[in-house]
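> Quick one: sequence and predicted model below, then my questions.
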Amino acid sequence: MRDSNILLDQFKRTPRFYEYHYDRTCPSLSARPDSWQVRAVHANNRIADQPQIDVLRYKRLRQIWTFTCCGGVGVKPIVNGERVYFLSGGGYAYCVNKRSGRLLWKRMIALGREAELKDFAGPGITLGDCWYVARRGLGGGGLLACLNLHTGCLHWQITLPDGVDPVGVQADGENVYLLANGLDSAQQTGIYAYTQAQGQALWSLAVAGSGNLHEATLGATAALLLKERRLYVSVHKRRGWRRSEEVVAADLSSGSLLWKYGTRVCESEPVLAGGVPALFKISGKVMVGAPLQDGFYYCFEADTGKIRWHTRLELGPFPAGNGWQADAASIGGGKIIITARQLSGREVIQQKMLALEIHSGRQLWRTRSPFAGYSSGVLCNDLFVWADQKGMLRGCDSQNGGALKRSFVNGGEVAADITAQGDCLYVGALDPAASGTPGLTAWQVE
């Protein structure tokens with residue numbers, strides 16, 4: 001009991017931090033596509049697109065179709081127009097009609113040596129008529145590909161060097177950006193830029209610093225400010241008994257760093273994993289929010305990296321061997337909703353949800369849910385929806401955190417983030433369960 005109190009006291013301390021600023025100017029390019037307000041996928045904000053679902057209509061959800069595929073769906077589906085795009089564990093890219101689930105096309109993403117490839121590095125990104133996806137290789141390497149959204153035809157595909165382990169893809173209308181970890185001293189952990197038209201390498205930017213690069217890993221998702229061409233990523237580093245985590249801002253027009261901010265903790269101290277940055281606005285000014293490993297949620301000014309506010313997330317003590325993992329936040333209605341789960345190996349012990357006031361970081365409510373899951377939830381007006389470990393869809397009122405009594409059987413382990421668009425939810429499942437099959441399921445309010 002005494003040891004737990006010591007850990008809790010350490011966690012309540014003022015955070016230790018260090019920061020670097022790079023005095024660079026990032027020009028505003030008015031010809032670029034609309035900013036993150038239009039495309040929440042770029043902002044890394046888990047909110048619905050044109051939501052027509054709320055607390056009152058949640059109980060009228062019904063399953064309208066299920067698409068079964070080999071290997072299931074372990075990454076977030078993308079809704080673009082009247083189509084849904086998703087990647088399967090079997091190595092295929094799919095396109096289906098969003099209302100009927102009818103297959104429009106599918107394509108294997110491979111190098112011809114299937115045994116050398118494994119899972120996809122996130123859902124990829126759609127922009128214009130293209131879908132950019134990356135697939136990981138065993139021991140590093142893999143591929144980056146550009147598909148035509150309408151036909152599935154391959155525009156181009158490149159093989160990544162050995163030792164480059166992709167974790168995500170972004171695009172801004174100019175170039176394609178691969179987020180990747182360096183698995184050996186010959187490759188760097190950072191951002192790799194390629195031309196949009198042919199996939200030609202342009203530049204790479206190391207974001208982890210020098211030395212022991214194989215101990216630095218990027219967060220799986222990044223936030224992109226399209227108009228200004230700025231990318232915000234998180235970096236987790238470990239050197240000996242010290243661990244650190246940074247939020248890094250990169251200028252994509254010049255391939256240089258703008259600013260970064262980090263925290264350090266010791267091996268014996270509690271850690272909050274996650275560090276996923278998201279973009280939002282306060283009084284018309286763009287902010288970057290991220291939970292860092294010291295247990296605080298930080299709000300930075302996107303231009304300079306100056307801290308607007310930071311607040312400790314009230315998660316409670318950290319039992320030995322068990323840590324907390326934070327999801328990407330859902331930001332809307334003046335609130336930042338954060339989901340954190342406590343893990344013991346692969347098993348989720350418990351899940352907590354917190355809501356912070358967007359201007360000050362003041363905690364509005366906190367709740368513990370016995371129905372924990374592996375993926376991020378999504379905010380639809382005043383409704384927050386997530387899937388638990390058993391594949392059940394559950395919801396709560398975002399105004400006060402109150403759980404809704406109604407739940408729905410989706411079936412299978414849900415490891416992918418839920419996509420919400422209009423009056424529909426799109427939920428991917430991996431392993432088959434007694435009540436379901438691996439694949440993608442669409443839900444709609446009546």
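In hand now; what should we look at?

> Can you show me the strands along the stretch 151-300 of the chain?
Using DSSP state E, counting those that start in this stretch, the strands found in the stretch 151-300 of the chain span residues 154-159, 164-171, 175-182, 190-195, 201-206, 216-218, 223-225, 230-239, 242-251, 256-266, 272-273, 278-282, 285-291, 296-301.

> Can you lay out those as TSV showing distance to Gln52, mean pLDDT and mean neighbour count?
Yep, even glycine has a C-beta here, placed from its N, CA and C like the rest. Shown next, in TSV, are those (distance: least, Cβ to Cβ, whole Å; pLDDT from 0 to 100; neighbours: other Cβ atoms under 10 Å):
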stretch	distance to Gln52	mean pLDDT	mean neighbour count
strand 154-159	34	94	15
strand 164-171	28	91	23
strand 175-182	33	92	24
strand 190-195	36	94	21
strand 201-206	40	93	15
strand 216-218	35	80	22
strand 223-225	26	89	25
strand 230-239	30	86	22
strand 242-251	34	88	23
strand 256-266	38	86	20
strand 272-273	34	70	22
strand 278-282	22	92	20
strand 285-291	26	92	23
strand 296-301	29	94	21
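
> out of these, nearest to Leu56?
When the strands of the stretch 151-300 of the chain are compared for distance to Leu56 using Cβ to Cβ, the nearest one is strand 278-282, at 25.7 Å.

> so what does the helix or strand where Ile338 lies touch, helix or strand wise?
Using DSSP states H and E, Ile338 falls within strand 335-344. For strand 335-344, the contact count by 3 or more Cβ pairs under 8 Å, 6 or more residues apart in numbering; DSSP states H and E identifies strand 285-291, strand 323-326, strand 330-332, strand 347-357 as packing neighbours.

> what distance separates the longest one from the centre of its chain?
Okay, so that is strand 347-357. Strand 347-357 sits 16 Å away from the centroid of its parent chain (Cα atoms, centre = their mean, to the nearest Å).

> so which of the helices and strands packed on strand 335-344 gets nearest Leu104?
When these are compared by Cβ to Cβ, strand 330-332 sits nearest Leu104, at 29.8 Å.

> Return the set of residues that bridge with the residue nearest to Gly141 when sequence neighbours are not counted.
Ranked by Cβ to Cβ, 6 or more residues apart in numbering and with sequence neighbours excluded, the top spatial neighbour of Gly141 is Asp162, at 4.8 Å. Here Asp162 sits in beta bridges with Gly140, going by DSSP bridges.

> Would you agree Asp162 is in contact with Gly142?
No. At 9.6 Å, Asp162 and Gly142 do not qualify as touching, with contact defined as Cβ atoms under 8 Å.

> Would you mind listing the residues touching both of the two?
Among the neighbours of Asp162, none is also in contact with Gly142 (Cβ atoms under 8 Å, 6 or more residues apart in numbering).

> The two - which one has more neighbours?
More crowded of Asp162 and Gly142, by other Cβ atoms under 10 Å: Gly142, with 28 against 15.

> From what I see, the more buried one and Gly163 are in contact.
No. In this structure, Gly142 is not within contact of Gly163 by Cβ under 8 Å, at 10.7 Å.

> correct me, but Phe441 touches Gln63?
Heads up, residue 441 is Thr, not Phe. Yes. At 6.1 Å, Thr441 and Gln63 qualify as touching, with contact defined as Cβ under 8 Å.

> The two: who's more crowded?
Between Thr441 and Gln63, Thr441 has the larger neighbour count (other Cβ under 10 Å), namely 27 against 17.

> which regions of the protein sit below the pLDDT cut-off?
Applying pLDDT under 70 to the chain flags residues 1-41, 112-116, 139, 209-214, 240-241, 266-271, 274, 316-323, 345-346, 431-437.

> Can you name the residues bridging to the closest residue to Ala416 other than its chain neighbours?
With sequence-adjacent residues excluded and distances taken as Cβ to Cβ, 6+ apart, Ala416 is closest to Gly428, at 3.9 Å. Assessed by DSSP bridges, Gly428 has beta-bridge partners Leu440.

> For Gly428, list the residues it contacts.
By Cβ under 8 Å, 6+ apart, the contact set of Gly428 is 72-77, 86, 414-416, 439-441.

> Filter those residues down to the ones in strands?
If you go by DSSP state E, the contacts of Gly428 have Phe86, Gly439, Leu440, Thr441 in strands.

> With distance to Gln198 added, can I get these in a markdown table?
Output for the ones in strands among the contacts of Gly428, formatted as a markdown table (distance: Cβ to Cβ, whole Å):
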| residue | distance to Gln198 |
| --- | --- |
| Phe86 | 26 |
| Gly439 | 34 |
| Leu440 | 31 |
| Thr441 | 37 |
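
> Hmm, His310 is touching Gly295, no?
No. Counting by Cβ under 8 Å, His310 stays clear of Gly295, with 10.3 Å between them.

> So which of those two has more stuff around it?
Taking other Cβ under 10 Å, His310 and Gly295 do not tie; Gly295 has more neighbours (26 against 19).

> all strands for the stretch 1-150 of the chain, in order.
Under DSSP E, counting those that start in this stretch, the stretch 1-150 of the chain gives strands at 17-21, 61-68, 78-80, 83-87, 92-97, 103-108, 117-120, 125-127, 130-137, 142-148.

> Same list, these, but as CSV with distance to Glu446 please.
Shown next, in CSV, are those (distance: least, Cβ to Cβ, whole Å):
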stretch, distance to Glu446
strand 17-21, 50
strand 61-68, 6
strand 78-80, 20
strand 83-87, 20
strand 92-97, 20
strand 103-108, 25
strand 117-120, 33
strand 125-127, 29
strand 130-137, 31
strand 142-148, 34
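
> Can you tell me which of those is nearest to Ala403?
strand 61-68 (15.7 Å).

> Just list the residues touching the residue nearest the centre of the chain, thanks.
For the chain, the residue sitting closest to the mean C-alpha position, by Cα atoms, centre = their mean, is Thr221 at 4.1 Å. With contact taken as Cβ under 8 Å, 6+ apart, Thr221 is in contact with Asn44, Gly122, Gly168, Val276, Ala328.

> Verify the contact between the last one and Ala43 for me.
No. With the criterion set as Cβ under 8 Å, Ala328 and Ala43 do not qualify as a contacting pair; they are 9.9 Å apart.

> related to what we said a few turns ago, any common contacting residues for Thr441 and Gln63?
Contact criterion Cβ under 8 Å, 6+ apart; residues shared by Thr441 and Gln63: Asn410.

> now Pro51: how far from Ser375?
18 Å (Cβ to Cβ, to the nearest Å).

> These two: which has the busier surroundings?
Neighbours per residue, other Cβ under 10 Å: of Pro51 and Ser375, the larger number sits with Ser375, 24 against 20.

> What about the closest residue to the more buried one other than its chain neighbours, how many residues nearby?
Among residues not flanking Ser375 along the chain, Asp417 sits closest, at 5.1 Å (Cβ to Cβ, 6+ apart). Neighbour count for Asp417, taken as other Cβ under 10 Å: 24.

> again, but for the one 10 residues further on
When neighbours are counted by other Cβ under 10 Å, Val427 registers 31.
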